[in-house]
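Enquirer: Next one to model:
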Amino acid sequence: MMTKRNGIIVLFTAFTMVFGLATNSPVSYAEENGNSLNAVDENRFSELVEGFHENDFIRAGEYVEALPNFSELSLEELDVLVANYMISNLLRLRSTYLPPTAYGGLNAKEVALAKNHPFEATQFYGSSQVAINYTKTKFGRNGFQDASDAFRHAMWNGNLTQRIGASRAKVWTDAHEAYSSGIDKQMDLHNNQLGRTIGKNYGSTNPGINVKNMADKIYSEIKAGKGKVIKNNKLVSSKF
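Expert: Predicted coordinates:
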């Protein structure tokens with residue numbers, strides 16, 4: 001039986017034949033910088049994952065999503081492209097990425113997932129940025145334990161559900177909450193579930209109007225009290 005590691009290497013070898021001459025491919029970038037890669041070094045990628053910031057994954061996601069044949073690529077092929085892009089563009093990423101977002105770096109559970117699912121990691125962190133941006137638009141802030149916090153978590157899960165489906169979105173966001181506890185964790189898990197439930201009704205992220213419509217729906221649900229916030233150290237309705 002072919003392991004995922006062997007599968008990635010075989011797939012990447014095929015990809016070098018198809019994409020090797022493309023101007024913006026990770027192989028061409030590596031060759032231009034004197035570091036041609038013939039296959040994804042999974043051990044090397046695994047070593048690097050712990051040092052990557054979520055913005056590195058966002059950059060890699062933007063790269064693969066801009067490929068003209070993005071919609072035709074399998075998940076395994078996308079994993080290969082993301083992993084190789086991040087290896088070959090590490091220094092460039094490090095010199096250009098944005099300051100840390102509200103969520104910071106990767107925790108141990110997220111690192112373990114990212115090692116085996118590079119493309120899903122790009123979607124996970126990409127959706128977190130979407131949530132942060134929409135929260136700022138709706139509330140003027142990204143708060144803590146308040147309605148804006150509830151909205152951000154719901155929006156994150158809703159957008160991630162649009163991208164990779166509710167079940168995989170739950171795997172990733174549960175991993176994010178792995179080391180939280182108490183009513184803060186209860187709040188986040190509740191709002192995460194609310195977002196996934198709503199996200200299922202808004203299809204894919206293309207066209208983008210679905211994201212805006214979903215954000216409006218999540219906002220109205222949080223305002224109506226369907227979410228949870230913390231007041232006086234108690235978990236209460238998000239109604240405002």
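
Enquirer: okay, CA-based contacts and neighbour counts for the rest of this
Expert: Will do.

Enquirer: Residue 203 - how many residues pack around it?
Expert: Residue 203: 16 surrounding residues under other C-alpha atoms under 10 Å.

Enquirer: any idea what sits nearest it, other than its immediate chain neighbours?
Expert: Distances taken as C-alpha to C-alpha, 6 or more residues apart in numbering put residue 162 closest to residue 203, at 5.8 Å, once the chain neighbours are dropped.

Enquirer: Distance of the one you found relative to residue 199?
Expert: Distance, residue 162 to residue 199, by C-alpha to C-alpha, to the nearest Å: 6 Å.

Enquirer: Then residue 84?
Expert: Here the criterion is C-alpha to C-alpha. By it, residue 84 lies 31 Å from residue 199.

Enquirer: Low-confidence stretches in the protein?
Expert: 1-41, 90-105, 204-208 (pLDDT under 70).

Enquirer: Tell me where it has helices.
Expert: For the chain, the helices defined by DSSP state H occupy 4-19, 26-32, 42-49, 54-65, 75-88, 90-96, 108-116, 118-139, 147-164, 166-176, 182-199, 209-223.

Enquirer: could you dump the fifth one to PDB, C-alpha only?
Expert: Right, the one you point to is helix 75-88. Extracted in PDB, the C-alpha atoms of helix 75-88 (Å, rounded to 0.1, in the frame of the first residue of the first chain):
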ATOM      1  CA  LEU A  75      -6.300  17.500  -2.500                       C
ATOM      2  CA  GLU A  76      -3.100  15.400  -2.700                       C
ATOM      3  CA  GLU A  77      -1.800  17.600  -5.500                       C
ATOM      4  CA  LEU A  78      -2.600  20.700  -3.600                       C
ATOM      5  CA  ASP A  79      -0.800  19.300  -0.500                       C
ATOM      6  CA  VAL A  80       2.300  18.800  -2.700                       C
ATOM      7  CA  LEU A  81       2.200  22.300  -4.100                       C
ATOM      8  CA  VAL A  82       1.700  24.000  -0.700                       C
ATOM      9  CA  ALA A  83       4.400  22.000   1.000                       C
ATOM     10  CA  ASN A  84       7.000  22.700  -1.800                       C
ATOM     11  CA  TYR A  85       6.000  26.300  -2.000                       C
ATOM     12  CA  MET A  86       6.600  26.800   1.700                       C
ATOM     13  CA  ILE A  87       9.900  25.000   1.600                       C
ATOM     14  CA  SER A  88      11.300  26.800  -1.400                       C
END
